[in-house]
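# please work out how this folds:
(chains A and B)
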Amino acid sequence: MGEIRKAQPRPAGMVVPSQSFDISIWQEVVSTFAKEVLIRGHIKLGIESLELAVANLKREIEHLRSPSILVPIQTFSPEKIEIIKPFSVVVQYNDNDYIASFFDANISASGDTQEEAVSNLKDMIVSLWDILRSEPEENLGPTPKQQLNALRTFIASS
Amino acid sequence: MRIINREGADKIVKKLGAQVDTKGKAHDIAKVYHEGKLIAMFGIRRGSNKEQGHDHIVKDLHLNPRKARLLAQCPLTKEQWIDIMSMKGKL
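Below is the predicted model:
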């Protein structure tokens, strides 16, 4: 009669594979799944890249349809600023909004419409005019000094 | 393609340690100082829309669009921007 062994308790969570378990089948399943995920991921990325390219092309077309315009600035009313030398600003289309620029003073502003961009630029000019004059001149770096000198050519406080 | 939105502008303000002047009507004005001198200013449009366009900052900071985008994201540091400004004679 053979020895009777007492069954050893199994640790909790221990998985006992069945005698028919074939690991190579599972490896193939996992590998196929991983390849499928990779292929679908690449297709998705490719589609997303194409969508982005089409969106950019649409914007470029819109840009070409909306050329830059020159807008003369005639008043800063109700601000107490007078124009001593007439000047114009350039308004350019930029990706669903507009940028208005006063190149002589290197001041720019954005807006959702051309009108808003120009209005925002005027606001920037007024603000910078106040800030630059209130700052001691020895504290101004080259760009702010140039901006102040440029502004003094075109505007004055009234 | 938009380079800087409102969120990016706020990040640039923080990165450059800009002082913000709130007296303007439509903008807050960010003032960038270096060694005690004011070297650049740019406007932050008022409003809560994080997608608001701020591409005008590209010109205000004397950068090209690519570097302006890098400044708004992490790669370009304040020190690197100061180097660019120095090379351009803006300091």
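# name the nearest residue to A:Q147, sequence neighbours excluded.
Of all residues not flanking A:Q147 in the chain, A:A105 sits nearest, at 4.9 Å (C-beta to C-beta, 6 or more residues apart in numbering or on different chains). All C-beta atoms are positioned from the backbone trio N, CA, C, and that covers glycine.
# who are the contact partners of that neighbour?
Contacts for A:A105 were tallied using C-beta atoms under 8 Å, 6 or more residues apart in numbering or on different chains; they are A:I125, A:L128, A:Q146, A:Q147, A:A150, A:L151, A:F154.
# which two among the residues you listed are spaced furthest apart?
Largest separation among these by C-beta to C-beta: A:I125 and A:Q146, giving 14.4 Å.
# so which of those two has more stuff around it?
Here A:I125 and A:Q146 are set side by side on neighbour count (other C-beta atoms under 10 Å in any protein chain shown), and the busier one is A:I125, at 24 against 15.
# so what's the residue count around the closest residue to that one other than its chain neighbours?
The spatially closest residue to A:I125, leaving aside those adjacent along the chain, is A:I107, at 5.8 Å (C-beta to C-beta, 6+ apart). Here the number of neighbours of A:I107 (other C-beta under 10 Å) works out to 26.
# name whatever forms a beta bridge with A:I107.
Taking DSSP bridges, one finds A:F102 as the beta-bridge partners of A:I107.
# burial count for B:L16?
If you count neighbours by other C-beta under 10 Å, B:L16 ends up with 22.
# is it true that it touches B:L76?
No. The pair B:L16 / B:L76 is not scored as a contact, 10.6 Å apart, by C-beta atoms under 8 Å.
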